[in-house]
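**Student:** just to be clear, the model below is a prediction. Sequence and coordinates:
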Amino acid sequence: MSGFSPELGGKRLELIREIVPGARQVAVLSNRDNPATAPIVRAIETAAQRLPVQLDLVDVRTPDQLANAFKEMAQRRPGAFLLVADPMLFSQSQRVVEIAARYRLPGVYEQRLFVDQGGLISYGQFVDERFQQAAVYVDRILRGAKPADLPIERPTKFELVINLKTAKALGLTIPQSVLLRADEVIR
């Protein structure tokens with residue numbers, strides 16, 4: 001099974017433009033030490049050319065670099081930021097959300113974990129689907145299937161989660177067209 005969907009980076013950038021239409025500059029917060037980051041950033045760069053949006057790539061490799069990264073982002077005044085998934089950044093999710101709120105930066109995330117903790121919006125794979133797929137694979141293997149014979153499956157269901165409390169705190173009005181597409185709205 002694979003949860004890797006770099007093309008969703010472009011979709012997240014499109015969401016930023018819908019929610020913050022005046023955002024001509026968007027920061028991309030990522031850990032460049034993670035090899036999975038490069039294809040996601042390329043997808044975001046491709047989408048940025050089409051929209052057009054200027055990107056500000058901000059590299060964060062350790063938790064102690066987070067505060068300075070946000071400070072630098074805020075000084076450059078992006079309209080919003082997009083966080084690229086990374087285990088280190090996931091482990092710091094609460095801190096990321098708190099620092100983003102301190103600098104009043106709207107953020108779009110890959111996982112709803114950030115939105116549940118107070119982030120603005122997430123768009124990514126529906127995590128429950130991955131667990132269901134894993135259970136099916138475990139069942140097949142326990143019944144004798146060889147793991148090497150099983151096809152690699154990618155996510156097919158994605159979820160959009162919006163935190164309206166955060167939107168209000170940031171002074172943002174989420175367009176009705178985005179709210180209607182949301183799988184969940186936190187009020």
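**Tutor:** Now that the structure is in, tell me what you want to look at.

**Student:** mind listing residues that contact stretch 34-52?
**Tutor:** By C-beta atoms under 8 Å, 6 or more residues apart in numbering, the residues outside stretch 34-52 that reach it are 4, 6-14, 17, 24, 26, 28, 30-32, 53-55, 57, 82, 84-88. Where C-beta positions appear, they are placed from N, C-alpha and C, glycine not excepted.

**Student:** what do you get if the cut-off is 7 Å, keeping everything else the same?
**Tutor:** Stretch 34-52 is contacted from outside by 4, 6-7, 9-10, 13-14, 17, 28, 30-31, 55, 57, 82, 84, 86, using C-beta atoms under 7 Å, 6 or more residues apart in numbering.

**Student:** by neighbours, which of these wins?
**Tutor:** Neighbour counts for the contacts of stretch 34-52 (other C-beta atoms under 10 Å) peak at residue 9, which has 28 neighbours.

**Student:** now do the longest helix belonging to the chain, average pLDDT.
**Tutor:** Ordering each helix of the chain by length in residues (DSSP state H) puts helix 127-142 first. Averaged over helix 127-142, pLDDT sits at 79.

**Student:** what helices and strands are in contact with it?
**Tutor:** Using 3 or more C-beta pairs under 7 Å, 6 or more residues apart in numbering; DSSP states H and E, no helix or strand is in contact with helix 127-142.

**Student:** need the CA coordinates for it. CSV is fine.
**Tutor:** This file holds the C-alpha atoms of helix 127-142, laid out as CSV (Å, rounded to 0.1, in the frame of the first residue of the first chain):
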residue,chain,number,x,y,z
VAL,A,127,-6.9,7.7,6.9
ASP,A,128,-9.7,5.2,7.8
GLU,A,129,-9.6,3.9,4.2
ARG,A,130,-5.9,3.0,4.6
PHE,A,131,-6.7,1.0,7.7
GLN,A,132,-9.5,-0.8,5.9
GLN,A,133,-7.1,-1.6,3.0
ALA,A,134,-4.5,-2.8,5.4
ALA,A,135,-7.0,-5.1,7.0
VAL,A,136,-8.0,-6.6,3.7
TYR,A,137,-4.3,-7.2,2.8
VAL,A,138,-3.6,-8.8,6.2
ASP,A,139,-6.6,-11.1,5.7
ARG,A,140,-5.4,-12.1,2.2
ILE,A,141,-1.9,-12.8,3.5
LEU,A,142,-3.2,-14.9,6.5
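
**Student:** strands along the protein, start to end?
**Tutor:** 25-30, 54-59, 80-83, 107-109, 121-125, 158-163, 184-186 (DSSP state E).

**Student:** could you dump the ones you listed into CSV with distance to residue 70 added?
**Tutor:** Formatted as CSV, the strands of the chain follow (distance: least, C-beta to C-beta, whole Å):
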stretch, distance to residue 70
strand 25-30, 8
strand 54-59, 8
strand 80-83, 8
strand 107-109, 10
strand 121-125, 18
strand 158-163, 18
strand 184-186, 22
